[in-house]
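Q: just the structure for this:
(3 chains)
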Amino acid sequence: MSRILLKNVTKQFDTRGGGKVTAVDNFNLEIKEGECFSFLGPSGCGKTTTLRMIAGFEDLTEGEIWLGDRPVSVKEKNLYVPPEDRGLGMVFQAFAVWPHLNVFENVAFPLRVKKTPSGELREKVMTALDHTDLTGAEKAFPSDLSGGEQQRIALARAIVTSPSVMLLDEPLSNLDPKLRESMRFEIKALQKKFNFTIIFVTHDQSEAMALSDRMLVMDMGKIIQAGAPREMYEQPANQFVYGFLGQSNFLKVRASEGKIFPAGSEVSLDSPVAGAPEGGEGLTASRPNEIILGRTAGEGGVRGRVEKRLYMTYCVEYHVEVAGQTVRVHGPHRDALPEGSECFLGFRNARWYDAESAEAELERTERQVI
Amino acid sequence: MPIVSMKDITVQYGKNVVIEGLSLDVERGENLAVVGPSSCGKTTLMRALCGFIKISSGEITLNGVTVSSASPRVTVAPEKRNIGVVFQDYAVWPHFTVFENIVYPLRRRKVPKNEAKERAMAAMALVKMAEFADRLPSQLSGGQQQRVALARALVSSSELIVLDEPITNLDAKLREEMAYEIRNLQKTIGVTVIYITHDQETAMTISDRMVIMDRQGYIRQIGAPEDVWNNPADRWVYSFLGVSNFLPAVRAGDGFCLLTAEGEKTPLSLDAAPSCRGEKLLMASRPTTVKIFREGEVGGAARGVVERVTYLGHQFDYFINVGGHTVRVQEDSLEAFGRGVPEEGSPCGVEFLTPALYEAEADDPRFAL
Amino acid sequence: MKFFLTSMFGKETSRGDRRFGLDRMVFLLSLFILVVTVLMPMIMIVVRTFFKEGAPDWEMFVRVVLEPENLSAVWNTIKIGFLVTVFGTVLGLFYAWLIGRSDIPMKGFMKALFTIPYMFPPFFGAMAWSLMLAPRSGYFNKWFMSLTGGTTPLLDINTVGGIVFVETCYYFPFVFLQVVSALERMDPTLEESARIAGAGQWYVIRKITLPLVLPAIAAGAMLILISSISHFGVPAILGFSNNIFTLPTKIFQLINRAAGSFEGIREGAALSVLLVVVVVAALYIQRLVLKTGRYDIIKGKSMRPMLIKLRGAKIPLLGISLLSLFVIVALPLFMIFIVGFLKAYGLPLTLKNLTLRNYEYILGQSKMVRDSIVNSLILSVGSGVVTMFLGVMIAYVIIKVRPRGKGLLEMLSLLPYSIPGLVLAIGVILVWSGAFGVNLYNTIWIIFIAYIARYVSFAMKSASASLEQVHYSLEEAARSCGATHLESLRDITIPLIRPGMIAGFFLIFLPAMRELTTSVLLYGPFTRTLGVAIYAINSEGNTVQASALATVAIGIIILGHLVLRYVTRERKGL
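A: Numbering: from 1, shown residues only, chains lettered A, B, ... in the order given. Just a heads-up that it's a prediction; the model follows:
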């Protein structure tokens, strides 16, 4: 019933100069019933526009959107179901709770629209408030409540009609980090209870990985990769996805005779690099926590020198100089290596990206800076 | 001689005492982070140091010269203190170009034109803003504006600069980048830096010493990041520094026991005898220093049940129920996949690698199980 | 009184000692000017109304208030004020919604046109509509009568209804602009979340949008109400001939009839007290309406709000809007323009009846007109500059220095907002015609002082708005870079608020240039202003010359607005 289908969805905006900008480009996706699906990408990648098309706030330029067995936007047939008739729940980044209504009336609003009898209305509102930990705050006005509480009002309002699809538009990014984490669990718990399908839009990769069954990474209106979080993290389709899903090192290397040498070094990495060709130049991508920091040559690995040591709360971060390049490595707090000491790096799970991909990536970051 | 010395200073707005009896010395050339929760008085401290507000008791000296004092009443004007300041909102002047912003302190201090230009150019190059010299601040990003503010502060004083971290700067990457930059600059030109922040992570990565203030404006601990992290002075500092688990424990003869469900006691092995007193204790641990053992693996004195498993890419985040208390555990993904990801609801063994003990309040609810 | 005396002369200061001298001086100077220009006239009105030769005297006030003529003026004032507010609010809301939330085309064009009534004094409109709809001589009525062959006019503008119509045309932009800006700043997700909750477009408008913009509506409606109650020009031009009086025109008539006699001025003062009571009552009602408070409706990422598709209604609505804009904005301006070229009023509007003689007369031969233009220019520029600096001074004290007693200063500077111009004029007469040893009556200076009092609120608000933008850390950054307090003001604060100061100047210059209400009571034989000159020529029946002079005024005002626009455009670059 609550399967969501997007077919060849394209959205173009008119620019002021009279031209057109493609915000979403030929987007195809099927989201299964009961799934929690995340749209992840940098700002301006088209993820929010896609969500707004599903909600019905934006028209399509091309393509069609289905909710369950029901087409809600079909450009070809000029079919368009307005947002109020799509039966969705939605939570916005800026909370969007109504300041002139108290908590109870905010949550009751969707039921009042439907002319729900007052007894049933009261019962449903109280249940929703109970599930969002707002019992007792019925009479309060949003301006008296904290950001976290306001977002919970928005959640209660979204679940009060028990919709089968919930759209979440960066609902956590206006909250402080601690609250963000606990709300994440609350959303997950609500989903278990009410069994709705979630589409979650975010630019925070840990949020997406923690919450979703499947996710996709978007850039410039296109889907770059879609899959389960682990699959995405372990098999990133390109350097952009690799960089987006976690802290990363990109070491300039050359391949020769099946071995990988850091540029300017005669000593090769002693571990295999996935996807490396027989010869040529490229990049080796690695994660700071997947590099083993050895103290003696006997442990193997490429020789380096600790340039800088940063004491952080979850680990000690080393900036290790390897043949003129800097590699970030994470280690435990215990027996931290001092700055200036010699060390040996063992790369695990390293991946190869060729020079062309690297250039494209460079171009992309430059474009974003401008 | 310390470059800044605050002796027993008190600052108040009307009847509202923000800082009371605070003393602090800043050594020449060091990178000192003042860290504390929001509205703990750290910005007030900086404003008192710079001369924007008066102190109601105590004394502040800069290079041994009294600049603020309650009796006899001394308040040296801010412009005479020679402190470079980077404000929370950058305070980059919107009607001046980048260059004009940076050269302003030199113009005010009557530095000859050519020399002023040279020094401003050098400062701009130092913060990598040379190519933006003729831009107006409205044409710059937030991070670039912060750099301009930093260069201006450096030009203003080569001895001491104070940075108030922007609260609105939520972008963690930008913050990290800035932190590295400041640390680098500080090492190359040897200026003394006082960095004010609410974020303990930034404070740890950036500083040589950190000063931890609590909500009431009192200093709880001063020390190098490693020392503070490894030996937090008290429970408040421990939990302020990062995610922490506290479990109830009691004395048992010469040793200590962890209290788990239904009067069950698990003996603790400690590296060194803790200095705390009292019968009721709290054992503190960090998510990264808790090891869990799967069903079938041998190890872990305490027993627990895996309640929640969250995959975050580089690591797994577990909520383990140990005797009715929730313990947060983080495990590297490679290790988790290597040993098998535990199922939610499955039993496990738990070992605390470097626990710390603190005295508990008599009515701590964790003992009321 | 005691508390601010100690704060003025007491020893404690809230900031550094070095700032004592300058800041304290600025504070005392601003307070002095405001007391003299704003507070004293008000006190004098009350004193003269209720005291006679030092002894309390209630009789005169009671007699004046209970006089049937005056009671009917009160009733007219309230009636007109109420009707104008209702119609103006409805009209303003309708257009605000059309432009803020529908997909009607030509929005930018319409928005620009809607602000035009703002620029011109309503009494120009009264003149123009009189040209068209005066019962016998109005062009439209004449055409109508020649068409029907009868003697009943199509419409009579010289009625309460006519006054309400003209005032509505000029005052509805208050609500329109307030609401449009509220709609534009409003977070669109507030409405979108209601759509998602299942509510249709009209339901959302009723239950979400309207309640959220209610404060903006109330603020705009209140501006209309107060403006209409204190308004002089339109009822004066349209009402006198039919003996329709409002409180302001009645006060004018009393003072004029008295020809300077003290008792006459006292009676005018008594009616002024009454007028102020009506205005205060209106303000009190606004307080009640706004009790629910203002909401924070501006946050979140900026997005375009979802526009309501008008579909079939689009073209008819566009037609209605353009037509009404034509009637409200273009038609009156055109009439004034064309009549200004007529050889004589009443001649058909054909090419051969046109001439430049009127301009020749007013710009060349009439010394009175030339004087009035020069007077108005001097007064507008002079009061613009002086008041703007005064406003900056007051705003600086209130925002940056914050001494004890700043509340009093703020109150005094905002008081003129709610004092009708005519009342202010009477107060100024009472203070400056010898009561305190200075007699400025019949000189240009008395008008100058009245203008300062009248426009100081504008200046203060405009200066506050730009000073608020200068966060204190910008000044402190300069201090920490080695600048003294004065240097930081010179290098940072003043340059940053300069565009705001220039805009503030024009906000005074423009209304002062067309001012009528205050100067109509204060002018002497050689100190007519442009507004007074137009009004006088028109009252004398020299309609064509009045129209020509009005056209000249329109030209000056448009020029001023173009400059203002240029200045405020630059400001955005900062």
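
Q: any idea how far the closest residue to chain B within the stretch 301-450 of chain C is from C:Val397?
A: In the stretch 301-450 of chain C, the residue that lies nearest chain B is C:Arg404 (11.9 Å; C-beta to the nearest C-beta). Heads up, the C-betas are built off the backbone N, CA and C, glycines and all. Look at C:Arg404 and C:Val397: by C-beta to C-beta, to the nearest Å, they are 11 Å apart.

Q: pretty sure B:Arg183 sits in a helix.
A: Yes - assessed with DSSP: H, G, I helix; E, B strand; the rest coil, B:Arg183 lies in a helix.

Q: how about C:Val544, phi and psi?
A: Dihedral angles of C:Val544 (phi, psi; degrees, to the nearest 10) stand at phi -60, psi -40.

Q: surely it touches C:Leu342?
A: Yes - C:Val544 lies in contact with C:Leu342 (C-beta atoms under 8 Å); the separation is 5.0 Å.

Q: now the common contact residues for the two.
A: Common contact partners of C:Val544 and C:Leu342 (C-beta atoms under 8 Å, 6 or more residues apart in numbering or on different chains): C:Asn358.

Q: identify the residues contacting A:Leu5.
A: Residues in contact with A:Leu5 (C-beta under 8 Å, 6+ apart) are A:Leu29, A:Glu30, A:Ile31, A:Glu64, A:Ile65, A:Trp66.

Q: how near is the first one to chain B?
A: What that stands for is A:Leu29. Distance of A:Leu29 to chain B, computed by C-beta to the nearest C-beta, to the nearest Å: 22 Å.

Q: so where's chain C shaky on pLDDT?
A: Residues of chain C meeting the criterion pLDDT under 70: C:1-20, C:260, C:290-304, C:570-574.

Q: can you give me the strands for the stretch 251-370 of chain A?
A: Per DSSP state E, counting those that start in this stretch, the stretch 251-370 of chain A carries strands over the ranges A:259-262, A:280-286, A:291-294, A:302-311, A:316-322, A:325-331, A:342-347, A:351-354.

Q: of the ones you listed, which approaches chain B most closely?
A: strand A:302-311 (4.2 Å).

Q: tell me which strands and helices the closest one is in contact with?
A: When contacts are defined as 3 or more C-beta pairs under 8 Å, 6 or more residues apart in numbering or on different chains; DSSP states H and E, strand A:302-311 sits against strand A:316-322, strand A:342-347, helix B:200-206, helix B:225-230.

Q: name the residues of it that are buried.
A: Neighbour-count burial for strand A:302-311 flags A:Val302, A:Arg303, A:Gly304, A:Val306, A:Lys308, A:Arg309, A:Leu310, A:Tyr311 (criterion: 16 or more other C-beta atoms under 10 Å in any protein chain shown).

Q: wait, doesn't the second one sit right on A:Val327?
A: Put plainly, it is A:Arg303. No - contact criterion C-beta under 8 Å: A:Arg303 and A:Val327 do not qualify, at 11.8 Å.

Q: on that earlier part again, how about the contacts of A:Leu5, which pair is most distant?
A: The span of these, defined through C-beta to C-beta, is set by A:Ile31 and A:Glu64 at 14.6 Å.

Q: quick revisit: need the buried residues of strand A:302-311 in TSV with pLDDT, can you?
A: Shown next, in TSV, are the buried residues of strand A:302-311 (pLDDT from 0 to 100):
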residue	pLDDT
A:Val302	87
A:Arg303	88
A:Gly304	91
A:Val306	94
A:Lys308	86
A:Arg309	87
A:Leu310	86
A:Tyr311	86
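
Q: which of those lies closest to chain C?
A: The nearest member of those to chain C, counting by C-beta to the nearest C-beta, is A:Leu310 at 29.4 Å.

Q: for chain B, what are the nearby residues on the stretch 201-350 of chain A?
A: Residues of the stretch 201-350 of chain A that fall close to chain B, judged by C-beta under 8 Å from any C-beta of the partner chain: A:205-206, A:209-210, A:229-230, A:233, A:245-247, A:287, A:289-290, A:310-315, A:317, A:332-334, A:336, A:348-349.

Q: any stretches of the stretch 101-250 of chain B with poor pLDDT?
A: Short version for the stretch 101-250 of chain B, where the test is pLDDT under 70: B:167-174.

Q: do you have the strands of it handy? List them.
A: B:160-164, B:192-197, B:209-213, B:219-223, B:245-252.

Q: those: which one's closest to C:Gly81?
A: Of all the strands of the stretch 101-250 of chain B, it is strand B:160-164 that lies closest to C:Gly81, at 52.4 Å by C-beta to C-beta.

Q: identify the bridge partners of the spatially most central residue of chain A.
A: Chain A has A:Leu40 as the residue nearest its centroid, 3.4 Å off, counting by C-alpha atoms, centre = their mean. Residues in a beta bridge with A:Leu40, per DSSP bridges, are A:Thr202, A:Val217.

Q: can you give the domain ranges for chain B?
A: Domain ranges of chain B: B:4-239, B:244-367, per automatic domain parsing.

Q: and the gap between the residue located most distally from the centre of chain C and C:Leu254?
A: The C-alpha centroid of chain C is most remote from C:Gly482, which lies 44.2 Å away (C-alpha atoms, centre = their mean). Separation of C:Gly482 from C:Leu254 (C-beta to C-beta): 63 Å.

Q: same deal with C:Tyr535?
A: From C:Tyr535 over to C:Leu254 the distance is 18 Å, taken as C-beta to C-beta.

Q: thinking again about what came up before, quick one, which of the strands of the stretch 251-370 of chain A is nearest to C:Gly21?
A: The closest of the strands of the stretch 251-370 of chain A to C:Gly21 is strand A:302-311. By C-beta to C-beta, the value is 50.4 Å.

Q: mind exporting the C-alpha coordinates of the closest one to PDB?
A: The C-alpha trace of strand A:302-311 is given here as PDB (Å, rounded to 0.1, in the frame of the first residue of the first chain):
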ATOM      1  CA  VAL A 302      54.700   2.200   5.200                       C
ATOM      2  CA  ARG A 303      57.100   4.300   7.300                       C
ATOM      3  CA  GLY A 304      55.800   7.700   8.400                       C
ATOM      4  CA  ARG A 305      56.400  10.300  11.000                       C
ATOM      5  CA  VAL A 306      53.800  11.700  13.500                       C
ATOM      6  CA  GLU A 307      53.600  15.400  12.500                       C
ATOM      7  CA  LYS A 308      50.900  16.300  14.900                       C
ATOM      8  CA  ARG A 309      48.900  14.600  17.600                       C
ATOM      9  CA  LEU A 310      45.400  15.800  18.500                       C
ATOM     10  CA  TYR A 311      43.800  14.600  21.600                       C
END
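
Q: number of residues surrounding the one residue in the stretch 1-150 of chain A that gets nearest to chain C?
A: Relative to chain C, the nearest point of the stretch 1-150 of chain A is A:Ala94 (2.8 Å; C-beta to the nearest C-beta). Look at A:Ala94: counted by other C-beta atoms under 10 Å in any protein chain shown, it has 24 neighbours.

Q: measure it to C:His471 for me?
A: Distance, A:Ala94 to C:His471, using C-beta to C-beta: 24 Å.

Q: how about A:Thr296, nearest residue that isn't a chain neighbour?
A: A:Phe344 (7.1 Å; C-beta to C-beta, 6 or more residues apart in numbering or on different chains).

Q: actually C:Ser433, sorry about that
A: C:Tyr441 (4.1 Å).

Q: need the contact list for B:Met283.
A: B:Phe246, B:Leu247, B:Pro248, B:Ala249, B:Phe256, B:Leu258, B:Leu268, B:Phe352, B:Pro355, B:Ala356, B:Leu357.
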